[in-house]
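Enquirer: dropping the sequence and predicted coords here.
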Amino acid sequence: MDLEKDFEKEAPLEQQHPSYKLIPKFFNPSQQSGDQIQQIETQGIELQAKVKELLDVEELEELWETLEWHVTEITQNDKMLIDFENYLEMISVMDAKFREFINVQLFFDLMNESEFEERLEIVSIYNHTIRAIRLARARICLCYYDQLGMGYLSETDLESFIVDMKTLWSQPPLEKFYVCTVVKMVFFFLDSLHTGRVRISDIESSGMISEIMEEKHSFSKAAILEVYEKFLELDKDHNGRLSKMEMCVYGSGLLTTLFLDRVFEVCHTFNGEIDYKTFLELFLALEYRQTAAGLRYIFHILDVNQQGYITSETLRLYFYTKTHNGYQAEYTFKDLNNKIFDMVQPMDPSKITLRDLINCREGKAAVSLIIEFQKFVANKDTESAVYIKYPNSNEQPQRRDTPAVTTLSQI
């Protein structure tokens, strides 16, 4: 019996059972071979060597002493300054390890921000060096979280990196949403095809790693907390998810009904409601609709028939769907359709593809005109009257005081 079992394990699948000739076997992820494990271990040793090349605490103390030794002037406010001549002298006596971070170009770069003429505060040099070391260490440590040694990071890998490298909030709920938001932002821009992984080289070249480590721009705690607060404001029933009704007032409050319907059709929902992660992707797409990632996300929603392009018939659905405010303005669809096609200038004059939107200069304006028509054409600075037609009504158009509407030539 044991020999028969061994034969079944070693024999080709076709010999084990005839059905294997017709039915393909399931995909089984390849296990790490001995060579791959050895490669990962070798990579770990190389990364440790790179970390040792960075300045440690004792060497940073030595750097500060060297800076103090070459001070040119001390101001009345006890600010220690160094001029270019003393700076060059300081570099000449430094070891090569220090010169990796302090060079001639650095002096001129920091001079752009200096409040003193032809002099730098030595503390600015010291702080710049610390930031450079932190950034270099972070780039090296990114590779530690590449569990397969393939040069990619999954969302879980990146979450672990951020938690380990960053000083986060003391409140666990805020820390959770901070990490979630940062990871989603990175993957939104670098993994727009939703492969579930991003290349480490892409993270480094994008400049995001420095913004994450230094909490700059969109990666600052204040900016991320602002996004989270927007979500909480919309969540009227406080169940941690957003319904379509709650999303109606998002942003301008003038997103077309069809666009919102498509959001809830295309995006992942829980009992017809979207969670924070899905909201965050939509938020990023609308806030950064001028980027390729934002346009790709919005185009996927606009493409009602999932055919890879938008035609005049697609646009007609959006322009003749009433807004959730219950009315639509009288306008000529032909003019709007022509305006959008003139903005995009597609390769095929009968349809607009994602590539057309990305390559043209008016991609942001074109999608804004489709998904937020009322906001896009309304001029809030002046008031005038425009005819409003209520859907499903036999009444004649009535005059209603609304913000002035710009002409299509002004769009």
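Expert: Here it is on my side, so go on. Numbering: from 1, shown residues only.
Enquirer: and Ile352, what does it touch?
Expert: Counting by C-beta atoms under 8 Å, 6 or more residues apart in numbering, Ile352 touches Tyr309, Ile310, Thr311, Ile340, Phe341, Val344, Pro346, Ala366. For every residue, glycine as well, the C-beta is placed using N, CA and C.
Enquirer: how much space separates the first one from Arg361?
Expert: Separation of Tyr309 from Arg361 (C-beta to C-beta, to the nearest Å) stands at 20 Å.
Enquirer: which one of these two is surrounded by more residues?
Expert: Using other C-beta atoms under 10 Å as the criterion, Tyr309 and Arg361 rank with Tyr309 on top: 17 against 10.
Enquirer: surely the more buried one meets Phe299?
Expert: No - taking C-beta atoms under 8 Å as the definition, Tyr309 is not a contact partner of Phe299, at 9.3 Å.
Enquirer: average pLDDT for whichever strand or helix holds Arg137?
Expert: Per DSSP states H and E: Arg137 is located in helix 122-144. Average pLDDT, helix 122-144: 90.
Enquirer: pairing partners for the helix or strand following that helix, with directions?
Expert: Next helix or strand after helix 122-144 toward the C-terminus (DSSP H and E): strand 152-154. For strand 152-154, the paired strands and their directions (DSSP bridges) read strand 197-199 (antiparallel).
Enquirer: contacts for stretch 265-285?
Expert: By C-beta under 8 Å, 6+ apart, the surrounding residues in contact with stretch 265-285 are 177, 180-181, 184-185, 188-189, 227-228, 230-231, 234, 239-244, 247, 263-264, 293-294, 297-298, 300-301.
Enquirer: which positions in it come out as buried?
Expert: 266-267, 269, 273-274, 276, 278-285 (16 or more other C-beta atoms under 10 Å).
Enquirer: any idea of the mean pLDDT for it?
Expert: pLDDT averaged over stretch 265-285 gives 94.
Enquirer: just the C-alpha atoms of that stretch, please, in CSV.
Expert: Extracted as CSV, the C-alpha positions of stretch 265-285 are listed here (Å, rounded to 0.1, in the frame of the first residue of the first chain):
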residue,chain,number,x,y,z
GLU,A,265,-22.5,49.7,-8.4
VAL,A,266,-18.8,49.6,-9.2
CYS,A,267,-17.2,50.0,-5.8
HIS,A,268,-17.1,47.4,-3.0
THR,A,269,-20.1,47.9,-0.7
PHE,A,270,-21.4,46.3,2.5
ASN,A,271,-25.2,45.9,2.4
GLY,A,272,-25.4,48.8,-0.1
GLU,A,273,-23.1,51.1,1.9
ILE,A,274,-19.4,52.0,1.5
ASP,A,275,-16.8,51.9,4.2
TYR,A,276,-14.0,54.3,4.9
LYS,A,277,-11.5,52.6,2.5
THR,A,278,-13.9,52.9,-0.4
PHE,A,279,-14.8,56.5,0.5
LEU,A,280,-11.1,57.3,0.7
GLU,A,281,-10.5,56.0,-2.9
LEU,A,282,-13.4,58.1,-4.1
PHE,A,283,-12.1,61.1,-2.2
LEU,A,284,-8.7,60.8,-3.7
ALA,A,285,-10.1,60.4,-7.2
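Enquirer: and it, how far out from the chain's middle?
Expert: In terms of C-alpha atoms, centre = their mean, to the nearest Å, the centre of stretch 265-285 is set 15 Å apart from its chain centre.
Enquirer: just confirm Tyr250 is within a strand.
Expert: No - per DSSP: H, G, I helix; E, B strand; the rest coil, Tyr250 lies outside any strand segment and is coil.
Enquirer: what's the distance between the residue lying closest to it once chain neighbours are set aside and Arg241?
Expert: Once flanking residues are discounted, Tyr250 sits nearest to Leu234: 6.1 Å by C-beta to C-beta, 6 or more residues apart in numbering. Between Leu234 and Arg241 the distance, using C-beta to C-beta, works out to 10 Å.
Enquirer: among the contacts of stretch 265-285, name the buried ones.
Expert: Among those, those classed as buried by 16+ other C-beta under 10 Å are 177, 180-181, 184-185, 188-189, 227-228, 231, 241-244, 247, 263-264, 293-294, 297-298, 301.
Enquirer: helices - which of these land there?
Expert: When DSSP state H is applied, these are split such that 177, 180-181, 184-185, 188-189, 227-228, 231, 244, 247, 263-264, 293-294, 297-298, 301 fall in helices.
Enquirer: quick one, helices of the stretch 201-350 of the chain?
Expert: 208-214, 221-234, 244-247, 257-266, 276-287, 292-302, 312-319, 333-344 (DSSP state H, counting those that start in this stretch).
Enquirer: would a markdown table of the ones you listed with distance to Ile74 be doable?
Expert: Converted to a markdown table, the helices of the stretch 201-350 of the chain look like this (distance: least, C-beta to C-beta, whole Å):
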| stretch | distance to Ile74 |
| --- | --- |
| helix 208-214 | 29 |
| helix 221-234 | 35 |
| helix 244-247 | 59 |
| helix 257-266 | 61 |
| helix 276-287 | 47 |
| helix 292-302 | 50 |
| helix 312-319 | 67 |
| helix 333-344 | 60 |
